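Visitor: Compute the structure for the input listed below.
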Amino acid sequence: MGIWKGTSLCQVKNSPCHDEIVVFHITKGKTADSCNILANKLVNDAEEEMGTLGCRIDKANNELTSSSHDAQWTFKLSNGKLEGTLIYHGNLYRIIEVSRVK
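Guide: Just a heads-up that it's a prediction; the model follows:
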């Protein structure tokens, strides 16, 4: 849980996707194996909300996952960082790396 900050780098060139500095506000979910990630991007040093991901926590593998019909988010906690990917329509769309700031 807490506040995490880092990069979300676009992997699909010539698309609406852009590289971003992101801030994730991670809070407990309704169940012991869930959490919510409020994902914001930094624009002119101010946070702009992009949306909230409801995630499943896999403690055995140190992973957070979230999926919808077209998108699969996977984050792995390793060495104090959350390293993640977004697979969108079967393609690697983003690589995310954030570190805890609070």
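Visitor: Let me know the helix or strand that the residue of the chain most remote from its centre is in.
Guide: Within the chain, the residue lying farthest from the chain centre (CA atoms, centre = their mean) is residue 14, at 21.9 Å. Under the criterion DSSP states H and E, no helix or strand holds residue 14.
Visitor: any idea how far residue 82 is from it?
Guide: Counting by CB to CB, to the nearest Å, the separation of residue 14 from residue 82 is 28 Å. For the C-beta atoms, the positions are set from N, CA and C on the backbone; glycine is no exception.
Visitor: what's the answer for residue 30, then?
Guide: Computed as CB to CB, the residue 30 to residue 82 distance reads 21 Å.
Visitor: more neighbours, those two?
Guide: residue 82 (21 against 8; other CB atoms under 10 Å).
Visitor: Can you give me the pLDDT of that one?
Guide: You'll see residue 82 listed with a pLDDT of 96.
Visitor: Where does it sit: helix, strand or coil?
Guide: Secondary structure for residue 82, judged by DSSP: H, G, I helix; E, B strand; the rest coil, is strand.
Visitor: bridging residues for it?
Guide: Beta-bridge pairing for residue 82 (DSSP bridges): residue 77, residue 98.
Visitor: contact partners of the stretch of helix or strand residue 41 belongs to?
Guide: Using DSSP H and E, residue 41 maps to strand 34-43. Contact partners of strand 34-43, identified using CB atoms under 8 Å, 6 or more residues apart in numbering, comprise 1, 8, 20-29, 47-57, 64, 66.
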